[in-house]
Each structure stands twice: as structure tokens, then as C-alpha cells.
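Trainee: Make a model of this:
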Amino acid sequence: MGKTYERIDGRLRTFIEAQPVFFTATAPLSGDGTVNLSPKGLTGSFAVLDELTVAYLDFAGSTAETIAHLRENGRITLMWCAFQGPPTIVRVHGRGEPVFRDDPRFPGLLARFPDIDPTRHGLRAIVVVTAELVRDSCGYAVPFMTYDEDRDLHARRFAREDDTSLSAYFEKKEHVASSLDGLPGLPLPLPPRSV
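Mentor: Purely as a prediction, here's the structure:
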């Protein structure tokens, strides 16, 4: 059944990097706060930085729950499911941090995503996760599904935005500057690009 891993490498890394979609889960410290679960995709927007560190690009969206929760407490779980091939589920439990566009680390991190044009998707931050527990389990009940291709809707929608219009878009959204539970979310106006 399930196994615990000391690092993300070998077969485990190959599996994670091959999945077209993964999920992130975060929650505020408040016991009655809103738990958040988000799907993530887009080929090239996820990277294994080293044996205990992964990162993904955080793009424009309806809310900023993950960013708000990470700013409050840093707890995050990432999960990948095999929808094809052997039945496998992998979870990385760890501490996450949103690295915003004005952070000196941002350009170096962004370079780890060479296939993504950051101006086309409303890039808000890069989420860096340090693994504290890495486990796999069986995915016997996960259905077989096929991956056809990435949707181009997100890129088409946000490619027409510049920093000013993107900030204005976020400022109109109810739960971007603060979470559903009132936690600080995305800093607005958007920090200037460091690249």
C-alpha cells in the first residue's frame, strides 16, 4: 500500500512531472475557516526545483485563497493522481510561500519555467513548496481519463492585459486582495515586474 519517501526523485519525480493536472489544498488557521482545493494545470507551469522543493506558477483567477492561506500559515498539500497507467496517488505535504513579482528571487525562479510566457497568463506569483512529508497510495478508485490538450482560454483571456489593467481587474474581484475569510491575499496594486 502507501509508502513514505525521503525525497522527490527517480520514479516518483518522473510520475509527478508527467501528470497534466494536480491539486492544491490549503486552509486558514481558524477552525471554521474555508478550506480551499484548487486544480492546477497548463503544461510547463510546474517544476521540481530539488529533491525537497517544488514550485508552480500562480496565474490570474477568481480568488486568491491559496495565496492568503500561505501568507497566514504556510500549510499546503499538493496531490497528483494517475488517470492513465498504474493506479497511483502522490501527495506532498509541506510549507508553501508565494513569491511575488517584486521579490529578488522571482527572476531566478521564473527561469525554471522556460516554456511559459509570463505575459500571457496574468502571472501573479510563483508558489514554492518545501516538502515535509511525501507519500504515495493506491489509486484503485481513480477512473481512467484521457488528456487531450491544454485549454487556450486562459492565455487568450489574459494576454490582452498589461500590469495596469491586470491590477484593475484584480481590484474589482471581491476575493483577491483578501480571502473569503478576510485574510490578506494578493498585494494590490500588483507589485512591479522584476523581469
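Trainee: Please list all residues in contact with S30.
Mentor: D181 (Cβ atoms under 8 Å, 6 or more residues apart in numbering). Quick note: C-beta positions are derived from backbone N, CA and C, even for glycine.
Trainee: Tell me the confidence at it?
Mentor: Per-residue pLDDT puts S30 at 95.
Trainee: swap in S62?
Mentor: 82.
Trainee: Not counting residues beside it along the chain, what's closest to it?
Mentor: Leaving aside its sequence neighbours, S62 sits nearest to K173 (Cβ to Cβ, 6 or more residues apart in numbering; 6.6 Å).
Trainee: Check the burial of that neighbour by counting its neighbours.
Mentor: By other Cβ atoms under 10 Å, 16 other residues sit near K173.
Trainee: wait, doesn't it sit right on G122?
Mentor: No. The pair K173 / G122 is not scored as a contact, 11.6 Å apart, by Cβ atoms under 8 Å.
Trainee: Could you pull up the residues touching the spatially most central residue of the chain?
Mentor: For the chain, Y56 is the residue whose C-alpha lies nearest the centre (Cα atoms, centre = their mean; 4.6 Å). Residues in contact with Y56 (Cβ under 8 Å, 6+ apart) are F22, T24, K40, S45, F46, A47, I126, V127, V129.
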